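> Below are the sequence and a predicted model for it; my questions follow.
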Amino acid sequence: MQHSSMTNKLFLVASLLTAARSLQLKSRFGGFADGIEKIHEKHSHLSVPSLELRESLIKEGLDIVKERYEYFWREYGDIQFR
C-alpha cells in the first residue's frame with residue numbers, strides 16, 4: 001500500500017512539473033509570436049523601391065526569424081502544448 005501511495009505522489013509531482021513546463025512553453029511561444037507581430041507592424045508599411053535592396057532586407061529578416069525559431073524549436077520542440 002505504501003508503494004502505491006509513493007507512486008501516486010511521484011505521478012502527481014511529475015504531472016505538476018509537466019503542467020508548469022507547458023505554461024512556461026506557452027508563455028515563451030507567446031512572447032516569440034508577439035515579437036514577430038511587432039516586427040511586422042513596425043516594418044510592413046515601409047516601401048523599398050530598389051528590388052535588390054528589398055530582396056536583401058527580406059532575406060535578412062527571414063534569416064533572423066528562422067534562426068530564432070530554430071533555437072526555440074531545439075529548446076522546446078519535444079514538449080506538448082495543452
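Here it is on my side, so go on.

> buried ones in stretch 48-62?
Residues of stretch 48-62 classed as buried by neighbour count (16 or more other CB atoms under 10 Å): none. Backbone N, C-alpha and C define where each C-beta goes, glycine included.

> ok, and what's touching it?
Applying CB atoms under 8 Å, 6 or more residues apart in numbering, the contact partners of stretch 48-62 are 39, 43.

> That one: how far from the chain's middle?
Chain-centre distance of stretch 48-62: 25 Å, with CA atoms, centre = their mean, to the nearest Å.

> Point me to the helix or strand that includes residue 57.
Following DSSP states H and E, one finds residue 57 within helix 51-76.

> ok, now how distant is the residue nearest to the spatial centre of the chain from residue 57?
The chain has residue 29 as the residue nearest its centroid, 3.1 Å off, counting by CA atoms, centre = their mean. Here the criterion is CB to CB, to the nearest Å. By it, residue 29 lies 26 Å from residue 57.

> Sketch out the low-pLDDT regions of the protein for me.
Along the chain, segments meeting pLDDT under 70 span 1-3, 6-17, 79-82.

> swap the cut-off to 50 and go again
Scanning the chain for pLDDT under 50 picks out 1.

> thinking the residue nearest to the centre of the chain is in contact with residue 75, fair?
No. With contacts counted by CB atoms under 8 Å, residue 29 stays clear of residue 75, the gap being 10.7 Å.

> Would you mark the buried spots in stretch 26-33?
residue 32.

> then that stretch to PDB, C-alphas only?
Extracted in PDB, the C-alpha atoms of stretch 26-33 (Å, rounded to 0.1, in the frame of the first residue of the first chain):
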ATOM      1  CA  LYS A  26       3.100  28.800 -23.900                       C
ATOM      2  CA  SER A  27       4.400  32.000 -22.400                       C
ATOM      3  CA  ARG A  28       7.700  31.800 -24.300                       C
ATOM      4  CA  PHE A  29       6.000  30.900 -27.600                       C
ATOM      5  CA  GLY A  30       3.500  33.800 -27.000                       C
ATOM      6  CA  GLY A  31       6.500  36.100 -26.500                       C
ATOM      7  CA  PHE A  32       8.100  34.800 -29.700                       C
ATOM      8  CA  ALA A  33       4.900  35.300 -31.700                       C
END
